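**Q** okay, predicted coordinates and the sequence, questions at the end:
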Amino acid sequence: MEIRYKNGRKGTVHRRQLSLTAAYTFTDYKAQGQTLQPVVVDIGNPPSGWLNAFNAYVAISLLRNFNSNIFTTHPNIDLAKCDECLEILNKETEIRYNAGKW
């Protein structure tokens, strides 16, 4: 956008806009005893390199309307079929190994 100063000089103004979402973050320890909604729970490995079941439980227990299907429903039907095939191959391999066929 071009602008004109009071002294008659011209100038150009460039503007950049970043879309931001307001957020607040804290540790699972600080979150104990609080009920939050809506919430995003990141249970991936943190930068510290470890996450135990207790940390995940505390984070998930904060949710009011927790949908357990998130953890009990496979995210992809094709991958679920591959998992089933791999499980069958694993059982067959174990049977052959235990029978001494290797």
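**A** Done, it's in. Computed from a predicted model, the values in this text were never measured in an experiment. Numbering: from 1, shown residues only.
**Q** regarding the protein, what is its longest helix?
**A** helix 77-98 (DSSP state H).
**Q** give me the mean pLDDT for that helix.
**A** Computed over helix 77-98, the mean pLDDT rounds to 90.
**Q** so how far is that helix off the chain centroid?
**A** The chain centroid and the centroid of helix 77-98 are separated by 28 Å under CA atoms, centre = their mean, to the nearest Å.
**Q** check which helices and strands that helix sits against.
**A** The contact analysis (3 or more CB pairs under 8 Å, 6 or more residues apart in numbering; DSSP states H and E) places helix 77-98 against no helix or strand. Using the backbone N, CA and C atoms, a C-beta is placed for each residue, glycine as well.
**Q** show me the strands in this structure, by range?
**A** 2-4, 10-12 (DSSP state E).
**Q** who does the last one pair up with?
**A** It refers to strand 10-12. Sheet pairing of strand 10-12 (DSSP bridges) gives strand 2-4 (antiparallel).
**Q** output the lowest mean pLDDT helix or strand found in this structure.
**A** helix 69-72 (a mean of 68; mean pLDDT, DSSP states H and E).
**Q** for this protein, which spans come out with low pLDDT?
**A** Within the chain, the segments meeting pLDDT under 70 span 28, 36-37, 42-43, 48-49, 51, 62, 68, 70-72, 102.
**Q** at 90 instead, please
**A** The chain contains residues with pLDDT under 90 at 1-6, 8, 11-83, 97, 100-102.
**Q** nice, that's everything, thank you.
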